[in-house]
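[1] only the shape, not the letters, is given here:
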């Protein structure tokens, strides 16, 4: 950087020497203005005047001249079309069915709002012109400058032939700049990128792109159309898919985005940054030019959980059998997260906690792993966050904002056995003479971010989410082809306030190493980050994910995850509740897979023996009715010992659970319930067994002591004592 700046200074001195005086300066600035990039595909000031305002230079207003002068500092950021908003010139009727009325195309104008950075910079340019007036002294009055500052920035009609895969094209441009001008921004490399004569071969699969565009559009826009069914018919959406799409009407979801990658190579096969790049919109909730996938900072919600659990499994601090207490807990500063349904399920193993997306176990896992460790490992998986973001307890349930496309790549790393392939939109770049400048082989084979064993365990868990026998709720959106279910793994994410709903997942890779391993990521919400009215990802992004992946995989060979199981895994039977080795009280076991060295060595110890009065069912003490019997009872009061504050809430839950399901209590008044709810109990309607009573039986009152009768008087003696002499007998008198 310093060498370049020194060269620029020297070159500037030479240039001004070669073109001296006022005339020389005008020659230099003329050459600059005729070649500089102004955004909107415009090179040169005259081209910019034409593309933005449809005017010649001589016809520009003072305000328009100033705003063009302001653009070169950052042509991409200050591109007027990107900053413009559509305004409807006629009053639109109030919506009656939750849908947006459409403005007639000939009544729409493009206006750059006065509070945008480019208009603020225009006014700064005007201030400097007025202050110094180097070339324009006396040409403009104070009123002229005041009027120019107040002038609306209204653009000419920008309608052109629609781009194909427009958001993808912008991603190609970004990557091309990084190839041609390493370390420089797209703006600094604009001449090379846009007019360097390069030929770019991209990764795009047009059929997959068309499928993704179709489904994202109908999911996000059809529910907001005046005639939703007409849109579905026009796009030939199968009738079996109508219900979930029509159910989105009136729920304040106006935009969507989606992408498909080959997780083996990192190639981007389809990319839709918003529901329709070329659509017309006068709503801030649907800004079609905005690329949510790469430009939007969005909370992943529960979609972050696989990336956190894989760290714990890889580190050996967690296993798929680790038991957590799903109990509402105050984790500090009165933050006590709950599940969306307001239930506490008590003991759950990691496998079930991830499959059914339980929040409290995820938070506890993050604290066990360590928040700094999570942040470090998330960065290794390719996630970035806003500059102000710091590790916080809630990050384990996805509150740190990320770019959705990076989340998809991270899921691809799990699918790819722990190897993160470098994401690319370009296969090859050649120059104008046909010489190869760059190929995607320079990306290398990717980097290892997790062990293949940990990646396989997470995949094995998430694969249960497409099997209705394992997960009847998430399994609803399994991937089928010809009546056969494909091996697929996925996870959804819903932010706490429903601003973002997402789904990420992948298919098992084909045995043919040249065939793509498909991973799909979906986001739905609003461009301006408005929350929806309570719709969860399972009702929105999950069916969209399923629809896209089902169509693009149709006809591909069936593949199985187990075909890619790595060496170095072992399995063991564990107690279905505690996740420990079976103990004396174990009623049921389950087979679980482990990384060697992490198989539990401790036997189940959740069942405690207690002496019970069989007659009353209460704790035994001497003198009770009896008989005394010894029984085994569940006791969760001593689990999670490394976090004593958690145990307080565990004991409170146990007291409620002893009264059965549906008992409210705890910091948020949540209710006890058997895993998973009132209808699905894969491990029985209970928590592994009964709880010990807390009350002690009452001793029976003492029995009357037998007595000896002397001359009509009953005399009793202390136990063990007897009368001092044999009881006299009464002899009848003659």
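    Ah, there it is. All values derive from a computational prediction rather than experimental measurement.
[2] going forward, measure contacts and count neighbours with C-alpha atoms only.
    OK.
[3] for the closest residue to residue 444 other than its chain neighbours, helix, strand, or coil?
    Take residue 444 and drop its neighbours on the chain: the residue closest to it by C-alpha to C-alpha, 6 or more residues apart in numbering is residue 422, 7.8 Å away. The three-state label given to residue 422 by DSSP: H, G, I helix; E, B strand; the rest coil is coil.
[4] check the gap between residue 422 and residue 573 for me.
    38 Å (C-alpha to C-alpha, to the nearest Å).
[5] where in the stretch 51-200 of the chain is pLDDT low?
    Using pLDDT under 70 as the threshold, the predicted model of the stretch 51-200 of the chain has low-confidence ranges 95-100.
[6] which parts of it are helices?
    62-70, 80-83, 117-132, 142-150, 166-180, 190-195 (DSSP state H, counting those that start in this stretch).
[7] out of those helices, which is the most enclosed?
    Among those, judged by mean count of other C-alpha atoms under 10 Å, the one packed with the most neighbours on average is helix 62-70 (a mean of 21).
[8] still on that earlier bit, surely the residue nearest to residue 444 is in contact with residue 266?
    Yes: between residue 422 and residue 266 there is a contact at 5.2 Å, judged by C-alpha atoms under 8 Å.
[9] residue 386 contacts residue 401, doesn't it?
    Yes: using C-alpha under 8 Å, residue 386 is in contact with residue 401, at 7.0 Å.
[10] more neighbours, these two?
    For residue 386 and residue 401, the more surrounded residue by other C-alpha atoms under 10 Å is residue 401, and the numbers stand at 18 against 11.
[11] could I get the phi/psi values of that one?
    Here the main-chain torsion angles of residue 401 (degrees, to the nearest 10) amount to phi -70, psi 140.
[12] need phi/psi at the closest residue to it other than its chain neighbours.
    The shortest distance from residue 401 to any residue that is not its chain neighbour, by C-alpha to C-alpha, 6+ apart, is 4.3 Å, and that residue is residue 299. Geometry field for residue 299 lists phi and psi as phi -70, psi 130, criterion degrees, to the nearest 10.
[13] give the contact list for residue 299.
    Contacts were defined as C-alpha atoms under 8 Å, 6 or more residues apart in numbering; by that measure residue 299 touches 398-402, 495, 500.
[14] who has more neighbours, residue 422 and residue 266?
    Remark: of residue 422 and residue 266, residue 266 carries more neighbours, 25 against 20, as counted by other C-alpha under 10 Å.
[15] any idea how far that one lies from residue 679?
    With distances taken as C-alpha to C-alpha, residue 266 is found 41 Å from residue 679.
[16] try residue 396
    For residue 396, the distance to residue 679 equals 28 Å [C-alpha to C-alpha].
[17] those two - which one has more neighbours?
    A count of neighbours by other C-alpha under 10 Å puts residue 396 above the other of residue 396 and residue 679, at 30 against 9.
[18] list the residues that contact the more buried one.
    Counting by C-alpha under 8 Å, 6+ apart, residue 396 touches 304-305, 308, 362-363, 365-366.
[19] try residue 534
    Going by C-alpha under 8 Å, 6+ apart, residue 534 touches 251, 497-498.
[20] and what of residue 696?
    Contacts for residue 696 were tallied using C-alpha under 8 Å, 6+ apart; they are 618-621.
[21] and it, what are its phi and psi?
    Dihedral angles phi and psi of residue 696 (degrees, to the nearest 10) take the values phi -100, psi 140.
[22] still on that earlier bit, what sits in contact with each of residue 386 and residue 401?
    Common neighbours of residue 386 and residue 401, counting by C-alpha under 8 Å, 6+ apart, are residue 297.
[23] what's the spacing between the closest residue in space to residue 110 that isn't next to it in sequence and residue 80?
    Closest residue in space to residue 110, ignoring its immediate chain neighbours: residue 86 at 4.7 Å, by C-alpha to C-alpha, 6+ apart. When C-alpha to C-alpha is the yardstick, residue 86 and residue 80 sit 12 Å from each other.
[24] go on, residue 104?
    According to C-alpha to C-alpha, residue 104 and residue 80 sit 22 Å apart.
[25] related to what we said a few turns ago, isn't the residue nearest to residue 110 up against residue 284?
    No: applying C-alpha under 8 Å, one finds residue 86 not in contact with residue 284, separated by 9.4 Å.
[26] so for these two, which residue has more residues nearby?
    It is residue 86, of residue 86 and residue 284, that has more neighbours when counted by other C-alpha under 10 Å, with 19 against 15.
[27] in this structure, which residue is most central in space?
    Central residue check for the chain by C-alpha atoms, centre = their mean: the C-alpha nearest the mean position is that of residue 300, 2.0 Å away.
[28] for the stretch 501-650 of the chain, which segments count as strands?
    All strands of the stretch 501-650 of the chain, identified by DSSP state E, counting those that start in this stretch, fall at 518-525, 570-575, 589-594, 607-613, 628-634.
[29] could you export those strands as TSV, including distance to residue 350, mean pLDDT and mean neighbour count?
    Supplementary listing: the strands of the stretch 501-650 of the chain in TSV, determined by distance: least, C-alpha to C-alpha, whole Å; pLDDT from 0 to 100; neighbours: other C-alpha atoms under 10 Å:
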stretch	distance to residue 350	mean pLDDT	mean neighbour count
strand 518-525	24	98	30
strand 570-575	13	98	17
strand 589-594	11	98	17
strand 607-613	20	94	18
strand 628-634	20	94	17
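[30] how about those in CSV, adding distance to residue 2?
    Converted to CSV, those look like this (distance: least, C-alpha to C-alpha, whole Å):
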stretch, distance to residue 2
strand 518-525, 41
strand 570-575, 56
strand 589-594, 53
strand 607-613, 70
strand 628-634, 69
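[31] of all the ones you listed, which lies closest to residue 57?
    Using C-alpha to C-alpha as the criterion, the shortest distance between residue 57 and those is 41.9 Å, found for strand 518-525.
[32] and the closest one, what does it pack onto?
    Helices and strands touching strand 518-525, by 3 or more C-alpha pairs under 8 Å, 6 or more residues apart in numbering; DSSP states H and E, are strand 255-262, helix 404-415, strand 500-507, helix 541-552.
[33] the closest residue in space to residue 593 that isn't next to it in sequence and residue 183, how far apart?
    In this structure, residue 593 finds its nearest non-sequential neighbour in residue 571, 4.2 Å apart by C-alpha to C-alpha, 6+ apart. Spatial separation of residue 571 from residue 183 under the definition C-alpha to C-alpha is 48 Å.
[34] what of residue 400?
    Plainly put, residue 400 is 27 Å away from residue 183 if you go by C-alpha to C-alpha.
[35] what about the nearest residue to residue 302 once chain neighbours are set aside, which SS state?
    Counting by C-alpha to C-alpha, 6+ apart, residue 302 lies nearest to residue 493, which is 4.2 Å off, once chain neighbours are set aside. At residue 493, secondary structure determined by three-state DSSP is strand.
[36] helices and strands of this protein: which one bottoms out on pLDDT?
    Least confident helix or strand of the chain, by mean pLDDT, DSSP states H and E, is strand 708-710 with a mean of 67.
[37] can you give me the helices for the stretch 301-450 of the chain?
    305-315, 350-355, 359-369, 371-380, 404-415.
[38] now do the contacts for the closest residue to residue 304 other than its chain neighbours.
    For residue 304, the nearest residue in space outside its immediate sequence neighbours is residue 398; the separation is 5.4 Å by C-alpha to C-alpha, 6+ apart. Applying C-alpha under 8 Å, 6+ apart, we find residue 398 in contact with 299-305, 495.
[39] please repeat the previous calculation with a cut-off of 7 Å.
    Going by C-alpha atoms under 7 Å, 6 or more residues apart in numbering, residue 398 touches 299-302, 304.
[40] pipe the helices and strands packed on strand 518-525 into a markdown table and attach distance to residue 634 per row.
    Output for the helices and strands packed on strand 518-525, formatted as a markdown table (distance: least, C-alpha to C-alpha, whole Å):
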| stretch | distance to residue 634 |
| --- | --- |
| strand 255-262 | 46 |
| helix 404-415 | 36 |
| strand 500-507 | 37 |
| helix 541-552 | 37 |
